[in-house]
Structure formats: C-alpha cells, structure tokens
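Participant: using only what follows, build the 3D model:
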Amino acid sequence: MASCSKAVKALILVLALGLAVPGLSPCAFFSFLPQATEIRKVSGELQTVLKSPGTKDEAQANALINQLVGARVPFQPLGTGLWRAVYTQGPKPQWERNAKILPFLDNVAGQEYNTDSMRVVNYGEVLGQLLYFQARGRFSEANAWERNCPKDYIVDVEEGGLNFLGLPIPLPIQGRGYLRCLYADESLRIFVSPTDSPDKWEEGGLLVVQIPAESTNPGSSP
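Facilitator: All right, here's what the predicted structure looks like:
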C-alpha cells in the first residue's frame, strides 16, 4: 500500500508539473519525459569528458554540446555559488589566457550569479587566490517571457580590479555586455557571448561550459 501511495503521489506531481507549463498538453509533457532523460544522460557524459584529467577530447565534447544546445530544454534558474569554466569554444577570453600564464597552476575562472539580488561576479585567478581578478555588476533578463533555452541576459559591469595578497587594486572597468544561456541544469550550463564584453574581457562568439566549482575545487569563491 505504501509503494502504491508513493506512485500515486508521483503521478499527481508529474501531472501538476505538466499542467504548470503554459502551452504544454499532458500528452506532450509525457512525450517529453524520455527526451529529458536522454538529455540528462548527455549532460552527464559531457561532465565526465570535461572532468577527466589530461587533454580533452574536443570532438566528443563538441558533439555532446551540440546535442544539449539543440534540445532547447526548459530553462532552469541559474545555480548559486561559483561556477567554474571548464571548456571554451571560439576566441580565447582574457581570463583563460591569464589562467594559463603559469600552466602548472590549476587556476579557477568562472562566475557567480545571485538570482535573489540579481548581482553577478566574474572571477579569474592568475596565481591562485594570491592574485586574482574580479568584476562585479548586475544582470537582468532580456526576454523574461521565454521559458526555454536560449535565455538572454543583460549584464552591467559596475566595478572591477585585481586582488593581490588580499589587497584590492581597482581598475576602470565598466560597461554593458550580453549573455545567452544555451543550456542549464543543476550541474552544468552552457553560455555564449553574442557580443564583445566591456574591455573585450570576452569576445563575441565565445562559448563557455561551466560546472559548480565545488565539484572540482572545494572552497573556491570569488
């Protein structure tokens, strides 16, 4: 009886979720379930590839990325905490070049989005936490009505600079940039920069895959 009760509750929850999505009929919702399971599997495969030590299999990574982006999954809110950039396509960003000045260091670069305060922090290490870059600002949805990926954001950078041994060194960094979320789940997200960011920190066309920093570098934080 207990297992039957759990099954009934699960069915009610599934139906409620399906009816909560505007324009999605119950039949369409149930037909989406196998696709969602397959997409999660692809996400897991991509994470395995990108977390593996040594040189990444770019052909495999790119094929998995294309599957995730092409799925146009329902958008999930951006996860909290620092998310580390683990793979890029396109023009090399400044933060990636900085991180590889000393290739023997496992420098962390990524972003932290706070969806409560709508604040964002860009973070990039040069000498680990002894020397790192930060840029802070606000972000907002450019297409709040959109329920599926891609999801567009406007990012306004207000301040930035270096931090050396705990000493902040301000730099004149301000401006507006744009960000497009191509895919997001609780453990992986894919962004692309439609245009150049302020001071060309990132160039238009750059694609970045991020995972929670805690999964690779516990204790990392902007």
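
Participant: do I have it right that residue 149 meets residue 183?
Facilitator: Yes. Counting by CB atoms under 8 Å, residue 149 does reach residue 183; the two are 5.6 Å apart. To be clear about C-beta, it is placed using only N, CA and C from the backbone, and glycine gets the same treatment.

Participant: how about the strands in the protein?
Facilitator: Assigned by DSSP state E, the strands in the chain fall at 82-89, 109-114, 119-125, 131-141, 151-164, 167-171, 175-184, 189-192, 207-212.

Participant: look up how far residue 169 lies from the residue nearest the centre of the chain.
Facilitator: In the chain, the residue lying closest to the centroid (CA atoms, centre = their mean) is residue 189, at 3.6 Å. Residue 189 sits 30 Å away from residue 169, going by CB to CB, to the nearest Å.

Participant: picking that back up, export the strands of the chain to TSV and append columns for mean pLDDT and distance to residue 67.
Facilitator: Compiled in TSV, the strands of the chain are given as follows (pLDDT from 0 to 100; distance: least, CB to CB, whole Å):
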stretch	mean pLDDT	distance to residue 67
strand 82-89	95	14
strand 109-114	95	23
strand 119-125	95	28
strand 131-141	95	25
strand 151-164	94	18
strand 167-171	95	39
strand 175-184	92	9
strand 189-192	96	11
strand 207-212	96	13
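
Participant: what about residue 54, how many neighbours?
Facilitator: Neighbourhood size, residue 54 [other CB atoms under 10 Å]: 5.

Participant: so what's the predicted local confidence for it?
Facilitator: With respect to pLDDT, residue 54 scores 80.

Participant: use 27 as the first number from now on
Facilitator: From this message on, residue numbering opens at 27, which makes the last subject residue 80.

Participant: so who does it touch?
Facilitator: Going by CB atoms under 8 Å, 6 or more residues apart in numbering, residue 80 touches no other residue.

Participant: double-check residue 99 against residue 175; I have them as touching.
Facilitator: Yes. Using CB under 8 Å, residue 99 makes contact with residue 175 at a distance of 5.6 Å.

Participant: who touches both of the two?
Facilitator: With CB under 8 Å, 6+ apart, residue 99 and residue 175 have common neighbours 209, 210.

Participant: which residue is the nearest non-sequential neighbour of residue 148?
Facilitator: residue 161 (4.2 Å; CB to CB, 6 or more residues apart in numbering).

Participant: dump the strands of the chain to JSON lines, plus distance to residue 84.
Facilitator: Below are these laid out as JSON lines (distance: least, CB to CB, whole Å):
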{"stretch": "strand 108-115", "distance to residue 84": "9"}
{"stretch": "strand 135-140", "distance to residue 84": "19"}
{"stretch": "strand 145-151", "distance to residue 84": "22"}
{"stretch": "strand 157-167", "distance to residue 84": "26"}
{"stretch": "strand 177-190", "distance to residue 84": "26"}
{"stretch": "strand 193-197", "distance to residue 84": "33"}
{"stretch": "strand 201-210", "distance to residue 84": "18"}
{"stretch": "strand 215-218", "distance to residue 84": "15"}
{"stretch": "strand 233-238", "distance to residue 84": "12"}
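
Participant: need the phi and psi values for residue 191.
Facilitator: Main-chain dihedrals, residue 191, degrees, to the nearest 10: phi 50, psi 40.
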